[in-house]
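Student: I would like to see how this sequence folds:
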Amino acid sequence: MLSPELRQRIDTLLNGNNVVLFMKGSPSQPSCGFSSKASGILNELLDHYTHVDVLADAEIREGIKVYGQWPTIPQLYVKGELIGGSDIIDQMFNSGELHQVLGVPAPVRITPALHITPAAAKAIRQAMENTEPGYALHLSVDARFQSQFQLKPLSGNEIMSEVEGIKVYFDLASAPRADGISIDWIEDARGSGLAIDNPNAPAKVQSLSVEALNEDLQNFVVIDVRPAHGREVATFPHPHEVLDEDTFERLSALPKDTRLAFLCHHGNSSRQAAEHFRHLGFTHIFNVEGGIDAWAEKIDNSLQRY
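Tutor: Residues are numbered from 1 along each chain as shown. Below is the predicted model:
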């Protein structure tokens, strides 16, 4: 049962915003795979839309399920009308129907150019020898340029590329991200498997010494990812940002060509943070090797080492 007060809250929210996505987390930091898929699709089509993190509002989380008689999250509303969850959003996106609903230009269906080495082609053919009728090889490339092969049924809206007699199917979002991709078969000490080289993926995180950072500080935005107690013990003595829940959205909205240098205690957690920002599309990402400990040892001996 939906209380009049809660119904009014939801009505006001939907009437005041053209596109509303009820999700777990935020578009830049989704908290579940379904919310990630839904927000990723909307990010492809819109520069701005309203999102509601249901994990931060238990009343809305349960109330929105009753409001639209839809039992799961995420949920997309456009002009006050329930569109559906992540699977329906995905289907409408690939058919082009979602573009019409959102009032954006029709999709451009780009057929990606692929290169498949003979060794990879042989391995793929062998793997597909006993494929069930109606199933095909799909390659998805998400917004973080993580690639995944799947054997699954065709929906009829995929984009197909054929190389070496092998048909590879892509969804609408994956196709442009996969343009120019190379697929090889690798065998080494770690084992064997398909290896994908995607020229569209963001540049890898680069290592940055404390000496190099010190010489070129003015050309970096330094982001300290340490917890508060570490920053209090040894404060980085130059202008910098702190990465936490309050600053994440603002920092992730910086121009994607900003030179970001991530700093932590010894250079480990900062690399993880740097990788996350690389997957957000930033192209000049650096990890300060050795962290504040190396800075105290080699650059500023007045800082306390801990």
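Student: Report the separation between D224 and H238.
Tutor: Applying C-beta to C-beta, to the nearest Å, the value for D224 to H238 is 10 Å. C-beta coordinates here come from the backbone N, C-alpha and C atoms, glycine included.
Student: low-confidence ranges in this structure?
Tutor: Under the criterion pLDDT under 70, no range of the chain is flagged.
Student: Give me the domain ranges for it.
Tutor: Dividing the chain into domains by automatic domain parsing, as the record does, gives the ranges 4-102, 114-197, 206-298.
Student: hang on, H240 packs against F220?
Tutor: No. Contact criterion C-beta atoms under 8 Å: H240 and F220 do not qualify, at 9.1 Å.
Student: quick one: which of those two has more around it?
Tutor: F220 (22 against 16; other C-beta atoms under 10 Å).
Student: Need phi/psi at L21.
Tutor: Per-residue torsions, L21: phi -110, psi 120 (degrees, to the nearest 10).
Student: tally of neighbours for it?
Tutor: Here the count is done by other C-beta under 10 Å, and L21 has 26 residues near it.
Student: Pairing partners for it in the sheet, please.
Tutor: Note on L21: beta-bridge partners by DSSP bridges are H51, L76.
Student: For S252, what are phi and psi?
Tutor: Main-chain torsions, S252, degrees, to the nearest 10: phi -70, psi -20.
Student: do the same with the one 4 residues further on
Tutor: Listed backbone geometry of K256 is phi -70, psi -10, with angles given as degrees, to the nearest 10.
Student: residue boundaries of the strands in the stretch 51-200 of the chain?
Tutor: If you assign secondary structure with DSSP state E, counting those that start in this stretch, the strands in the stretch 51-200 of the chain sit at 75-78, 81-84, 114-116, 135-141, 147-153, 159-163, 166-170, 181-188, 191-197.
Student: do you know which of the domains of the chain lies nearest Y306?
Tutor: Proximity of these to Y306 was assessed by C-beta to C-beta; the nearest stretch is domain 206-298, lying at 5.0 Å.
Student: what about the closest one, start to end distance?
Tutor: Taking C-alpha to C-alpha, to the nearest Å, the first and last residues of domain 206-298 lie 20 Å apart.
Student: go on, stretch 275-291?
Tutor: Length of stretch 275-291, first residue to last, C-alpha to C-alpha: 16 Å.
Student: Run through who's touching that stretch.
Tutor: By C-beta atoms under 8 Å, 6 or more residues apart in numbering, the list of residues contacting stretch 275-291 from outside reads 28, 143-146, 202-210, 213, 220, 222, 251-252, 254, 256-268, 270-271, 274, 294-295, 297-298.
Student: Give me the more crowded residue out of D224 and H238.
Tutor: Under the neighbour definition other C-beta under 10 Å, D224 and H238 were set side by side, and D224 has more, 24 against 13.
Student: Go ahead and confirm that one touches E241.
Tutor: Yes. Using C-beta under 8 Å, D224 and E241 qualify as a contacting pair, with a distance of 7.0 Å.
Student: looking at the strands of the stretch 51-200 of the chain, which is buried most?
Tutor: By mean neighbour count, with neighbours taken as mean count of other C-beta atoms under 10 Å, strand 75-78 ranks first of the strands of the stretch 51-200 of the chain at a mean of 23.
Student: by contact count, what packs against that one?
Tutor: For strand 75-78, the contact count by 3 or more C-beta pairs under 8 Å, 6 or more residues apart in numbering; DSSP states H and E identifies strand 19-23, strand 81-84 as packing neighbours.
Student: any chance of the ones you listed in JSON lines, with distance to A175 too?
Tutor: Shown next, in JSON lines, are those (distance: least, C-beta to C-beta, whole Å):
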{"stretch": "strand 19-23", "distance to A175": "23"}
{"stretch": "strand 81-84", "distance to A175": "23"}
